[in-house]
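1. here's my sequence, what's the structure:
(chains A and B)
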Number of protein chains: 2
Amino acid sequence: MQKPSIPKGTRDFSPEEMAKRNYIFDTIKKVFQLFGFRQIETPAMENLSTLLGKYGEEGDKLLFKILNSGDFLSALTPEDLQEGNSTKTAIKIAEKGLRYDLTVPFARYVVMHRQEITFPFKRFQIQPVWRADRPQKGRYREFFQCDADIIGSDSLLNEVELLQMIDEVFKRLNIRIITKLNNRKILSGIAEIIGEADKITDITVAIDKLEKIGLENVNEELRSKNISREAIDKLQPIILLNGSNEKKIDTLKKTLSSSETGLKGIEEIEFILNKTGLLSFENRIELDLTLARGLNYYTGSIIEVKAIDVEIGSITGGGRYDNLTGIFGLPHVSGVGISFGADRIYDVLNRLNLYPDNLTGGTDILFVNFGEQEENFILPLLTLLRSKGISAEIYPEPAKIKKQLSYADTNHIPFVALIGENEISKGEITLKNMKSGEQTRLTREQLITLFLKKTDTGKPL
Amino acid sequence: MQKPSIPKGTRDFSPEEMAKRNYIFDTIKKVFQLFGFRQIETPAMENLSTLLGKYGEEGDKLLFKILNSGDFLSALTPEDLQEGNSTKTAIKIAEKGLRYDLTVPFARYVVMHRQEITFPFKRFQIQPVWRADRPQKGRYREFFQCDADIIGSDSLLNEVELLQMIDEVFKRLNIRIITKLNNRKILSGIAEIIGEADKITDITVAIDKLEKIGLENVNEELRSKNISREAIDKLQPIILLNGSNEKKIDTLKKTLSSSETGLKGIEEIEFILNKTGLLSFENRIELDLTLARGLNYYTGSIIEVKAIDVEIGSITGGGRYDNLTGIFGLPHVSGVGISFGADRIYDVLNRLNLYPDNLTGGTDILFVNFGEQEENFILPLLTLLRSKGISAEIYPEPAKIKKQLSYADTNHIPFVALIGENEISKGEITLKNMKSGEQTRLTREQLITLFLKKTDTGKPL
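-> Numbering: from 1, shown residues only, chains lettered A, B, ... in the order given. Sure, this is the predicted structure:
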């Protein structure tokens, strides 16, 4: 007799939690589809050769590796044990790993299926990923990503559409956000004009931390990376740049006037902001020069979304990359994409309690079971209701009425039908509203009309 | 530069395939919900202690095991290598495994969450499972199960509802089926009256193969298991029992008249057939005494569904079990459930080509891109269409018109909007029907009305 548990960092989802999560996934999926993105899915397991080396040394360690089936032991030598290098030895006994994100499998997908794909390819993908990270509040070992990418198109209209999708998703979810926008080319321009072009990674990694550690610590870090005092001085007004997007752009145009790359970045940002300005966005887009994200990955736009009303990391992020599929032998495929962090969005909605009322996705009406004669009357009626799209069930046995009503209660079933001898003889139904306690006597036809009306108005039952 | 591939037995799903698969999953999910089942999800990874020993020795070998993170090597000794017993040693370096089915995780879920659950608990679960089986046609290492179970209720009404759900799902999918029904108690009764009660497993395993290997080989197998000649003789009329369900039941009542258990089984079957007879089923239910399935698992009803028009294994199966959660320390929880095999159903639909027309789930209308001026006219129009639930996109750059139309074609987009200077000046849209080639000139309002009408009638665009 075992006391069961689940692996740390993983979660079960109850019916109530599933209703909430489906609300998020359905909202995101609906928006993806309205914008013409098409769904794909890839296997949970990928060959380790596909995954290793794509997420840095730390990432390689965080990959869940799957032990080879059969006689894996024969691949190990006494020297392996003696050496004790688990990271190195793992690949001798594990050739598969669990998906770590949706981007690398997507790149692999594009290369494998390039003959079938018409570019530009707008794909979305909503699947779990797994990371052997240390579990902590808000960080799980199994979590869901919702990615949308357009590949095979350099047009900045794609960025505009992605930003619009972000705005639309969070409008529908009633989460107030601020979308931060930056451009890798501007960051390159800055590194160039302060005379530290080769230290762009160190510079951006440091200024990326501004919000977290403050200006002084950022400067300290820059010094520790051997950025010259002069360069750091020149950097100050850029880091601290504030005001409206227009004002920032004006200043940047002057500051970066000698950098061709920098000016190109500004031009891109301006194009995007002009186009989004034509559309009525619910939420603000802010040019943020301290935004870097996985800098070595992105080559143009960088996008990040923060919730305004909850203190939590970014809830969506993305950007443009110029060579997603190069590593798998297909160069020059440019793309731009975003990833909604479903689990953080779930946390935000939970904390702000922003779910629609009665989000149970459950039964509309429960028929109380008084015994066999009543069952025979109810069974065909259930079939009729279900054929109209009304979710209906009968309590499976003639238990005490109190128990049956309590079942309706805990399962959030809004209506209960009481049918006894009297009702059967008249072909009627007594309907009890579980919230108000009110009881009404109805014919079958009236019952159906009532529920269809409720469904039609979009009001959840 | 690697040539990418995916692990054998796994699959990528393209947008076209996803549309088909979503059609199946959505249909099953809709029916589950109409019958009052509520969704849960469990993690892909379970502790190996939860999974091991639940699927027999063969099952233990087919579990995908996840290598422990960090320094797993230190758990191995030179003796482990020398002994070379991979099965035994695996658990020293792997403490987690991938879900093998949805039943054991569900049992674990019920025990862990028993305080929150109100019984009877009607749950459904649609998730992938993984088995290190040898891949072959129609057998994958990653495949989806769609399970519905009711636990905490002995009522046979539950069986009736499950059979109705089966009928409804396949009616909606347009797959003609035959549902086979048996009862473990009848099988026990048979073993009893032929005087071989202790050999019930051998007997049922043998007669389960009737369709596959024929009567003579079944008898041969029975003899090889030391079933007496007299018992085998007695078994013949039962194995070969045919005719209507009523006729079979009449015969069985006589044959099993001395077995209390057998008669109980008949009574259960009769109850279920009487109740389903009250409902108008699309497909036939057939009492099949040769149906056994995982006999040691089921204690009452046994259910299996075969497609009539395609030669393939069972596409759905299930039954009643009396002690699902006992192994995790919660005895006496009876349940009954069914599992739809989504991947086999997918194969059946593919072979019979039974998908609804235009099942792309894709874009309703593509706007051709002629350049920046047109983009500025189109972008707000896209927003308007999407706000009405119409899936719309603009080609991201002013490519050659032939290329843009070909994009619409390969992505199955039924309508293309052509907007040039002339249209902009009049605020109109030229709409091209990609199927007929027909072009119409419309106002914005007319365009929206046209698409809403198409959506309203439920006719896919």
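2. export stretch A:146-165 as CSV, just CAs?
-> These are the backbone C-alpha positions of stretch A:146-165, laid out as CSV (Å, rounded to 0.1, in the frame of the first residue of the first chain):
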residue,chain,number,x,y,z
CYS,A,146,1.6,29.1,-26.4
ASP,A,147,3.8,30.2,-29.4
ALA,A,148,3.0,32.0,-32.6
ASP,A,149,5.7,32.6,-35.2
ILE,A,150,5.8,33.8,-38.8
ILE,A,151,8.8,32.5,-40.7
GLY,A,152,10.0,33.3,-44.2
SER,A,153,9.0,37.0,-44.2
ASP,A,154,11.1,40.0,-43.3
SER,A,155,8.2,42.4,-43.3
LEU,A,156,7.7,44.5,-40.2
LEU,A,157,3.9,44.1,-40.6
ASN,A,158,4.4,40.8,-38.9
GLU,A,159,5.7,42.5,-35.8
VAL,A,160,2.6,44.8,-36.0
GLU,A,161,0.3,41.8,-36.2
LEU,A,162,2.0,40.1,-33.2
LEU,A,163,1.7,43.2,-31.1
GLN,A,164,-2.0,43.4,-32.1
MET,A,165,-2.5,39.8,-31.0
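3. for it, buried residues please.
-> For stretch A:146-165, a neighbour-count test (16 or more other Cβ atoms under 10 Å in any protein chain shown) marks A:146-153, A:155-165 as buried. Quick note: C-beta positions are derived from backbone N, CA and C, even for glycine.
4. in helices, which of those fall?
-> Cross-referencing the buried residues of stretch A:146-165 against helices under DSSP state H gives A:157-165.
5. one step back: chain B next: which of the buried residues of stretch A:146-165 are close?
-> Cross-checking the buried residues of stretch A:146-165 against chain B (Cβ under 8 Å from any Cβ of the partner chain) gives A:150, A:153, A:155, A:157-158, A:160-161, A:164 as the overlapping residues.
6. now do the contacts for the spatially closest residue to residue A:85 that is not a sequence neighbour.
-> If the residues on either side of it in the chain are set aside, residue A:85 comes closest to residue B:73, at 7.4 Å by Cβ to Cβ, 6 or more residues apart in numbering or on different chains. If a contact means Cβ atoms under 8 Å, 6 or more residues apart in numbering or on different chains, then residue B:73 has A:80-81, A:84-86, A:89, B:93 as its contacts.
7. how about these in JSON lines, adding neighbour count and distance to residue A:398?
-> Shown next, in JSON lines, are the contacts of residue B:73 (neighbours: other Cβ atoms under 10 Å in any protein chain shown; distance: Cβ to Cβ, whole Å):
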{"residue": "A:80", "neighbour count": "18", "distance to residue A:398": "66"}
{"residue": "A:81", "neighbour count": "16", "distance to residue A:398": "65"}
{"residue": "A:84", "neighbour count": "12", "distance to residue A:398": "66"}
{"residue": "A:85", "neighbour count": "11", "distance to residue A:398": "66"}
{"residue": "A:86", "neighbour count": "20", "distance to residue A:398": "60"}
{"residue": "A:89", "neighbour count": "20", "distance to residue A:398": "63"}
{"residue": "B:93", "neighbour count": "23", "distance to residue A:398": "54"}
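8. of those, just say which sits nearest to residue A:47.
-> For residue A:47, the nearest member of the contacts of residue B:73 is residue A:89. The distance, counting by Cβ to Cβ, is 17.7 Å.
9. spit out the contact partners of the closest one.
-> Neighbour list for residue A:89: A:76, A:80, A:83, B:73 [criterion: Cβ under 8 Å, 6+ apart].
10. per-residue confidence at the last one?
-> It stands for residue B:73. At residue B:73 the predicted local distance difference test score is 94.
11. got the residues of the stretch 251-400 of chain A near chain B?
-> The stretch 251-400 of chain A has residues A:275, A:278-280, A:327-329, A:360-363, A:366, A:369, A:375-376, A:379-380, A:383, A:386, A:389-397 near chain B, with proximity defined as Cβ under 8 Å from any Cβ.
12. of these, buried ones?
-> By neighbour count, with 16+ other Cβ under 10 Å, those hold A:275, A:279, A:327-328, A:360-363, A:366, A:369, A:375, A:379, A:383, A:386, A:390-397 as buried.
13. so of the residues you listed, which ones are in strands?
-> Using DSSP state E, the subset of those located in strands is A:366, A:392-394.
14. let's have these in CSV, adding pLDDT.
-> As requested, those are exported to CSV (pLDDT from 0 to 100):
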residue, pLDDT
A:366, 97
A:392, 96
A:393, 96
A:394, 97
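15. so where do the helices sit in the stretch 351-461 of chain A?
-> A:372-387, A:401-410, A:421-426, A:444-456 (DSSP state H, counting those that start in this stretch).
16. number of residues surrounding the closest residue to residue A:359 other than its chain neighbours?
-> Nearest-residue entry for residue A:359: residue A:19, 5.0 Å, with adjacent residues in sequence omitted and distances by Cβ to Cβ, 6+ apart. Residue A:19 is flanked by 20 other residues according to other Cβ atoms under 10 Å in any protein chain shown.
17. looking at residue A:19 now. What's its pLDDT?
-> 94.
18. which ones are touching whatever residue of the stretch 51-200 of chain A ends up closest to chain B?
-> The minimum distance from the stretch 51-200 of chain A to chain B, using Cβ to the nearest Cβ, falls at residue A:155 (3.9 Å). Residues in contact with residue A:155, defined by Cβ under 8 Å, 6+ apart, are B:396-397.
19. kindly report the same for the one 5 residues further on.
-> For residue A:160, the contacting residues are A:272, A:275-276, A:279, B:379, by Cβ under 8 Å, 6+ apart.
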